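[1] Structure, please.
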Amino acid sequence: MRNKVSNSDLTARRGGGDSFFGFVQKQLRDKCSGRLVALMLRELGRHEPEAFLVLLQEVQFSADQRKAIRGGAAQIETEWAYMPGRRADLAVIVDGQEILLLEVKEDDLMSSGNSDQLADYIAHVADRSAEIHFVHFSRYSPLRSLGPLQSMPNVHDLRYRHLIEAVRNHENETSGRAPLSRMIREYLEDIGVDSYKQISLDQELDALTLLVTQMSGFDHFHGLGRLHTASNATLAPDLLRRLLSNAVVLGEWLLEPNASIIKQKPKSKFHVTNRYSATLLKRAISTPDPDDGLVDLPRKAVQEGILSVHASAALDKSGSQSWVYVTVGQYVTVSAATREKARFSLFVELVWKGGDGVHLESEDWFDMFPSESTATKELRTLLQRALKKARKLDGSPAVFDKVSLPAPRT
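    Numbers count the residues shown, from 1 in each chain. Prediction:
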């Protein structure tokens, strides 16, 4: 059993003061955003403990420990000296005993000193069974394995997106009466932290349809109803940001079990592909501009627009291939030909130099915008089929044999 921490020892071992804004000023001078996040977690645990516990829901606290956190009896401290020469960004202490240590990683995620730091954490909690938990809390998925982190039951690996989801849910459950959760959510959104976001077909379908018709260059008289309202025009850019945020999350999902073969953070991208009326297209092509040979396509020729929002990951080079990519993403399709507004599907693509590649997409349209759980389940199936098909092709990169299928998210 560990020794209890006395009050005098507590004062010596905690590095953060009790003044919220005084501590903020110090951390901003230090220019370390990870420590600022640790401060926010401390205040969340002290003042809105339900959101704090939702974030840490996979940590198996005892009933008494949860009661202490909810009731304010737990000590939640920043810059906690848990061993000589080492400080945790956050610590939770109940009845004088450490029950959780948390390390925040953002800009220094891939620092060369991280291995030794993690080894010290592991050594500190390894002989304590479930008495004490360690949480590795990072903005991005690590680009290399965290080793022992993935096998110890009292060691947990969380992302900033889990925090933004926890505080957003707490805001909703309290009908907006959670000022600290709101502040944290707004801060994380301001610095571009991504989480999977839904699109409401009841309220936002027209705005999303407008986004695709404008990007694709549809004719003004497209037969899809009145789309160009002030509210839709204002909402459309936000919907694209949400789709890109989803692409980042899906890229992270792909990266997590494949850190050994994906050497750079997956890149989120978008582009539009149009399908045209063959009759109008032939007519336009037959009369190019005599001066420059270019063709002006009539807007009426655009009959379908497909917005692709996706994440692409470069795999380790293998054999003679100089590049190999895996892409996972979402399609939003609008059709003037069939008078159908935005519809949704998912796709996986494997491409490599010198090969034809493999492209698979959902067999049916989704009746509603796919949730994170639905999307990752469908993409896992598509990725499995795509890998199986690619491995049968001549010249298929050997690295495909090393790709692991990510588990669907719940």
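
[2] Number of residues surrounding the closest residue to Leu188 other than its chain neighbours?
    Distance criterion Cβ to Cβ, 6 or more residues apart in numbering; nearest residue to Leu188, sequence neighbours excluded, is Ile164 at 4.7 Å. (Each C-beta comes from the backbone N, C-alpha and C, glycine too.) Using other Cβ atoms under 10 Å, Ile164 has 21 other residues around it.

[3] can you check the one 3 residues further on too?
    One way to gauge burial is a neighbour count; for Val167, by other Cβ under 10 Å, it gives 27.

[4] Test my guess that it contacts Leu41.
    No. Here Val167 does not reach Leu41: they are 10.5 Å apart, not a contact under Cβ atoms under 8 Å.

[5] Low-confidence ranges, this protein, go.
    Counting by pLDDT under 70, the ranges of the chain that qualify are 1-33, 107-114, 127-130, 142-150, 317-321.

[6] Look up how far Lys197 lies from the residue of it most remote from its centre.
    Using Cα atoms, centre = their mean, the residue of the chain lying farthest from its centre is Pro290. It sits 50.1 Å away. Counting by Cβ to Cβ, to the nearest Å, the separation of Pro290 from Lys197 is 49 Å.

[7] before we move on, what about Ser260?
    30 Å.

[8] likewise Glu106?
    21 Å.

[9] in stretch 296-311, what's buried?
    Residues of stretch 296-311 classed as buried by neighbour count (16 or more other Cβ atoms under 10 Å): Leu297, Ala301, Val302, Gln303, Glu304, Gly305, Ile306, Leu307, Ser308, Val309, His310, Ala311.

[10] And for stretch 376-393?
    Thr376, Lys377, Glu378, Leu379, Arg380, Thr381, Leu382, Leu383, Ala386, Leu387, Ala390.

[11] re the thing from before, ok, so of the buried residues of stretch 296-311, who is nearest Glu340?
    Within the buried residues of stretch 296-311, proximity to Glu340 (Cβ to Cβ) peaks at Glu304, which comes in at 9.2 Å.

[12] Output whichever strand or helix holds that closest one as CSV, nothing but the C-alphas.
    When elements are assigned from DSSP states H and E, Glu304 belongs to strand 302-314. The C-alpha coordinates for strand 302-314 follow below in CSV (Å, rounded to 0.1, in the frame of the first residue of the first chain):
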residue,chain,number,x,y,z
VAL,A,302,-23.9,19.6,-64.9
GLN,A,303,-26.4,16.9,-63.8
GLU,A,304,-24.7,15.4,-60.8
GLY,A,305,-22.1,16.7,-58.2
ILE,A,306,-20.2,14.5,-55.9
LEU,A,307,-18.4,16.1,-53.0
SER,A,308,-15.6,13.8,-51.6
VAL,A,309,-14.3,14.6,-48.2
HIS,A,310,-11.6,12.2,-47.1
ALA,A,311,-8.4,11.4,-45.3
SER,A,312,-5.3,9.9,-47.1
ALA,A,313,-2.5,8.1,-45.3
ALA,A,314,0.9,7.4,-47.0
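
[13] what's it packed up against?
    Applying 3 or more Cβ pairs under 8 Å, 6 or more residues apart in numbering; DSSP states H and E, one finds that strand 302-314 contacts helix 205-216, helix 230-255, strand 267-276, strand 324-335, strand 340-352.
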